[in-house]
Each structure stands twice: as C-alpha cells, then as structure tokens.
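# let's see this in three dimensions:
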Amino acid sequence: MARAIRRAVFLVVVLTILGGAWWTIAHRARPSVSGSSASQRLRGGTLVVSMRSEPDTYNRHVRPTAAVDALSLLTQARLVRINRVTGVVEPWLAERWSTSNDGRTITLTLRKGVTFSDGAPFTAADVLFSFRALYDPSVDSVLASGMTVNGQPMQVTAPDDRTVQVTLPAPFTPAVALLDNLPILPRHQLEAALDAHTFRDAWGLKTPPGSMAGLGPFVVSEHVPGQRITLTRNPHYWRTGDEGSALPYLDRIVMEIVATQDAEVLRLQSGDIDLMVQADVRPEDYAGLRRLDQQGRLSLVDVGVGVDPNTLWFNLAPPTGRATAPYLQRPEFRQAISSAVDRDAIVKSVYLGAAVPVFGPVTPGNRVWYSSAAPTFPYDPGKARTLLAGIGLVDRNGDGTLDDPSGSPVRFSILTQRGHLRERTATVIQEQLRRAGITVDVVGLDPPSIFQRWMAGDYDSIYFGFQTSAMDPANNLDFWRSSGSSHFWRPNQKTPATAWEKSIDELMQRQVTATTLDERQRLFAEVQKIFGEQVPALYFAAPKIAVAMSRRVAGAQPVLLDPKVLWSADTLYVTGDHRETR
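The predicted structure is shown next:
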C-alpha cells in the first residue's frame, strides 16, 4: 500500500470532447504556436514565480507532488498533449498517429530531427525505454496504474527509429489521450540505472543541475535548497512559433520557494514575483487583488468553478495494527456526516461566497462529465440523527454526545493541512458535527506528515486536496477502479472489496469502450450515482478559481487545471522590463 499511495495525485482527467469520434482521427500538425502574437522583439527576459514546496527528486516516476509535476512539464515532453483550453489531443513529440480498425493499435510517427537538451538525438528507442521504466516492477512508478488498460500494460514496439506502435490489451476508446501522462526520458542517460534497478534513485537532488537531458522547453540550471530553482531555455527545443522563431520565448524561469501563501500574495502585490505556481487566489485576497487589477497593477483572471475540490475520506482499508471504530466503515455514517454539514455555511464563512456547494468529485466545472442526477445528502440534521440511530449511535446518557452500542463516545480525527483553508474548513465541520453529537479532533499537519500517515494507514479520516490533471474519467481509472492506486480510501484491491465497487469497475470498463460520447456520459452518470449513494469520500465546496499575475506576463492561457499558467510555458513571454537572473 505504501508505494501505491505515492500516486497521491487525485486525477479527474479532463478532456473537453469536441465533436464525435475525436479519438479515432489521425492528427497531423506543425510544431508551432497557433495564433501567437509574440515576435522576435519579445524574446528574452525572466519570469519569476513562487512555489510553497520544493521537489525532493527530479524523477516524475517517484513522486506525484505538485512541485515535481511542474518541473516535469517544464523540462520533459510527451508524445501527445491534451490542450488544457480546448481539451483536444494535440500532436507533440509524435507529429501524427492513426488507429487500427479494431481500435487496439495506435501507430505514431515521431518528429524528425528532434534532439534532447544535451544534443543527443531523440528516437523511438527513447519511447521504448520510457515505457519499460514505466512498467518495471523495481521502479514501482506512480504513473503506472494510470497507464494500464484493464489492469494490463500496453505493449510498445518500434518498427523503425521514427515509428512507434502501441497495442492495447483491450479496447479503450480514448487511448491516445493516455499518452499525455508519460514523459519521454533519455535512454542514453538513464538506461544503466534501470538495468541496475537503481532507477528510483536516479535524478535525485544530488544530480548536478544542467546534467539532466530533457525534451521540454527548459532545463534545470540551478537549485538552491529552500530558496529557488532556476530553469533556463533549452537551446535544442524543437517547437517554433507561427512566426518561425524558436521557442521558448523566455530566457529563464526562476521558481522562488516561499513558505506561506501570505508571503506569496505580498510578494505578488509588491511586484517581486509574477505569479504563484501552486496557489489559486484565496477568497480573503480576492477583493484586494481585484482593486490592484482595476488600478492596472496586476491581472486577475476569473477562470471558473474548480474541478479538484478538497475531500474528506475515511480509512476503509483493513486494519493495519491501528484500531478504528466499526461505524467509520458504514455508508450510513458517511451519509449522516454529509447530512450534518451545512455546505452553504462553508461557502459563506470559509470561501466568502466564492465557491459552490458540491457533493461529489466531479464538479459543475467539468461540464462534459458532471451529472446533476447523482444522489446527494444535503444539510438535514434530522436525517443525520435518523441515519446515526439506525446504526446504533445514540445519546445514551443525555450528555449531548452520541455513544456507540458499547457506550463509547462517537469520535474520530481529521488530519488536514495546518494553516491552510482546509484547516479552517475542517474546523467548521468539527463544530457542525459537535452539534450532531459527534466529537471530531482536528489535527493540523504539514503535507509530508499527512502523506506519511496516509501511506502507513495511520488515520481515521483525512481532509485534503489533490491536483487535477485532466477531465475525462477514462483517464482516471486509478481513482475509479478498486484496483487503482488513487482509489485512496482503499487502494490496490486485488478483487473488489464491496459489491458497489465491483459495479463501478464493471461500469467503467463499459464506459471506456463505448464508441459514442452520449453512451460514455450515460454510463459515467451511473458511476456517479453509485458513488453518491456510498459516499466513500465527502465533498463540500468547489471554489471559484481566479488566477493573479503580473502585468508583465503575456501569452498566458489560465485554465482550471494545475499548473494553471505554466502548462503552456513555452509560449509565455514578458513585456516591459526584462528581469535578470537573481
């Protein structure tokens, strides 16, 4: 369980499907920026961004954290890319592809003349190596479970240096989109480590900056622990702008490590940084930043309803030496918790109105896949008391606290992020459940400590949030399927532990092989119905997302998915003064 849960990125992988059978079309496109307004005179300059955490590795296969993911997007490239504005799967390292009539084989043609940042040529051998590392048991990659079909790996062959064939173990309608999940790594640098079963230790923080070859727009050139990470332009980057100039436009990106969001906001307001990589605008900061936007001092962009709401889940895995109350395992208990929590109060008091109440992992921000027909348990204290009494949880001594059948008080703990909006939300939940007769202990920890407790199974419940990378549920089977490593309330089940999880497994299997969008939506609505009834995880509010940036930042296309601006970093540029490296 420990290594599996390293996959802690809660993906609700998002593809806004435009038109009909988009997944079967062979694509061809230039490696250029569509509609770019940048020109040679805009080349150069430094973008300064802030992050509240820094990586403990440069190896994306080892850690799923936001910092590692952001660095991977900046320094590595994929065979295809999901455009986070349109949802369309775009050619990337592969310039085109076609799919066999049975939908089981994808043939990709790689771009000619592409080289890694160290000048070594990129060929199909690097693709084969990247898949080998992905599926190697000694690597235990956090990406692996999201790159399987029916729990089986894809088979990858290379007829020649520019052709790759991916064969699926079973039909899988949006299979091409899965390829957006896998960074293509340099075989010439990492094969020896893979052969020696030391790949997990490769590209650690002791690796000299600048020595790690990539196919992305930037390379890591400096890392001062606790202070900053500097990335400089990859001189061999393969994309060009519409005007024919080489990308990226920026000379460098400096990632300043800033411990708190309070400090980040102050530095943004003062002009010391250009944007916050990991931070949406908090409700309490919105009004002040909007005034600065109106004064022309920065840009504040309203993006929409978030697609990765924070979630409260209970530990439903078998006990691992830690005693847990039996009622925590009961769906009626979780339904009662949902009914005892006033979501509107959370929206008003915690989010200051800048959120919408939600009841499941798929929010209204995910317009293609959200189902409003999914069951909900809205605020109803009377219903909560009835549900709790139905499983033997009543106030037996009149002290206002519910007791279980043995006479012990009903009590559980919530682990959450200290000093964060999540801790404020957990405190509201604590007070509302106190009124329902349930004692809740809110335990504020830093994210690494929460992660450790999660991996060890040492918790009653956790209230936390996960970075979303896309929207199509077919690309998120490691969350929906019982065998998935991101099925976080009880991951990596060899067989479904419950009948309802088995039903979701079966529905998702049908969903990923359906050939029309309407049928896929219908089947996924059934999945959301079952999830809503069983509530293995509880959701309370989805924030309205806003992104704040310096007026220097140009070419940005803010999206709901993280990283909300740096996802298209190669086409960002700066106007006005061009900052020098710190």
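# now do the strands in the stretch 401-550 of the chain.
Under the criterion DSSP state E, counting those that start in this stretch, strands of the stretch 401-550 of the chain are mapped to 411-417, 439-445, 461-464, 537-539, 541-550.
# make TSV from those and add mean pLDDT to it.
What follows is the strands of the stretch 401-550 of the chain, written out as TSV (pLDDT from 0 to 100):
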stretch	mean pLDDT
strand 411-417	97
strand 439-445	97
strand 461-464	97
strand 537-539	97
strand 541-550	96
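# wait, which of the ones you listed is closest to Arg104?
The closest of the strands of the stretch 401-550 of the chain to Arg104 is strand 537-539. By CB to CB, the value is 33.7 Å. Using the backbone N, CA and C atoms, a C-beta is placed for each residue, glycine as well.
# tell me what the closest one is packed against?
When contacts are defined as 3 or more CB pairs under 8 Å, 6 or more residues apart in numbering; DSSP states H and E, strand 537-539 sits against strand 311-314, helix 331-340.
# could I get the ones you listed as CSV with distance to Glu533, mean neighbour count and mean pLDDT?
Converted to CSV, these look like this (distance: least, CB to CB, whole Å; neighbours: other CB atoms under 10 Å; pLDDT from 0 to 100):
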stretch, distance to Glu533, mean neighbour count, mean pLDDT
strand 311-314, 16, 23, 96
helix 331-340, 7, 23, 98
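# to Asn475, which of those lies closest?
Asn475 lies closest to strand 311-314 among the helices and strands packed on strand 537-539, at 18.9 Å (CB to CB).
# what's the closest one packed up against?
In this structure, strand 311-314 makes packing contacts with strand 461-464, strand 537-539, judged by 3+ CB pairs under 8 Å, 6+ apart.
# of all those strands, which one is nearest Val574?
Distance to Val574, taken as CB to CB, is lowest for strand 461-464 among these, at 34.3 Å.
# from the chain's centre, how far out does the closest one sit?
Relative to its parent chain, strand 461-464 has a centroid offset of 17 Å by CA atoms, centre = their mean, to the nearest Å.
# what do you get for stretch 505-525?
On CA atoms, centre = their mean, the centre of stretch 505-525 falls 22 Å from the chain's centre.
# ditto for stretch 295-309
Centre to centre, stretch against its chain (CA atoms, centre = their mean), the figure for stretch 295-309 is 18 Å.
# buried stuff in it?
Leu298, Ser299, Leu300, Val301, Val303, Gly304, Val305, Gly306, Val307, Asp308, Pro309 (16 or more other CB atoms under 10 Å).
# what residue ranges in the stretch 251-400 of the chain score low on pLDDT?
Across the stretch 251-400 of the chain, the ranges flagged by pLDDT under 70 are 320-322.
# one more pass at 90, please.
Where the stretch 251-400 of the chain drops to pLDDT under 90, the residues are 259-261, 278-280, 317-324.
# now the helix ranked longest in the chain: average pLDDT?
In the chain, assigned by DSSP state H, the helix with the most residues is helix 517-534. Averaging pLDDT along helix 517-534 gives 97.
# list the helices and strands that helix packs on?
Counting by 3+ CB pairs under 8 Å, 6+ apart, helix 517-534 packs on helix 331-340, helix 499-513.
# run the angle between the last one and helix 517-534 for me.
On the basis of axes from the mean of the first three to the mean of the last three CA atoms, to 10 degrees, helix 499-513 is oriented at 170 degrees to helix 517-534.
# among the helices and strands packed on strand 537-539, which is nearest Gly360?
Closest approach to Gly360 among the helices and strands packed on strand 537-539 is made by strand 311-314 (9.5 Å; CB to CB).
# what's in contact with that closest one?
The contact list for strand 311-314 (CB atoms under 8 Å, 6 or more residues apart in numbering) reads 10, 328-329, 334, 337, 361, 412, 414, 426, 429, 460-466, 488-489, 536-540.
# my guess is Gly437 meets Thr401, correct?
Yes. Counting by CB atoms under 8 Å, Gly437 does reach Thr401; the two are 5.4 Å apart.
# which residue ranges form the helices in the protein?
Counting by DSSP H, the helices of the chain are 66-75, 124-135, 175-178, 187-195, 261-270, 283-294, 331-340, 343-349, 381-390, 421-435, 447-456, 477-480, 499-513, 517-534.
# out of those, deepest packed?
helix 477-480 (a mean of 26; mean count of other CB atoms under 10 Å).
# could you dump the helices of the chain to a markdown table with distance to Ala144?
Converted to a markdown table, those look like this (distance: least, CB to CB, whole Å):
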| stretch | distance to Ala144 |
| --- | --- |
| helix 66-75 | 15 |
| helix 124-135 | 6 |
| helix 175-178 | 12 |
| helix 187-195 | 14 |
| helix 261-270 | 33 |
| helix 283-294 | 37 |
| helix 331-340 | 30 |
| helix 343-349 | 36 |
| helix 381-390 | 39 |
| helix 421-435 | 29 |
| helix 447-456 | 17 |
| helix 477-480 | 9 |
| helix 499-513 | 17 |
| helix 517-534 | 23 |
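# for Arg104, which of these is the nearest?
So among the helices of the chain, helix 175-178 is nearest, using CB to CB, at 8.7 Å.
# for the closest one, what is the distance to the chain centroid?
17 Å.
# between the longest helix of the chain and helix 331-340, how big is the angle?
Using the same axes, to 10 degrees: helix 517-534 against helix 331-340 is 90 degrees.
# surely Val114 meets Phe122?
Yes. Taking CB under 8 Å as the definition, Val114 is a contact partner of Phe122 at 4.3 Å.
# and these two? Which one has more around it.
Phe122 (25 against 21; other CB atoms under 10 Å).
# quickly list the domain ranges of the protein.
What automatic domain parsing lists as the domains of the chain is 55-201, 218-304+546-574, 311-542.
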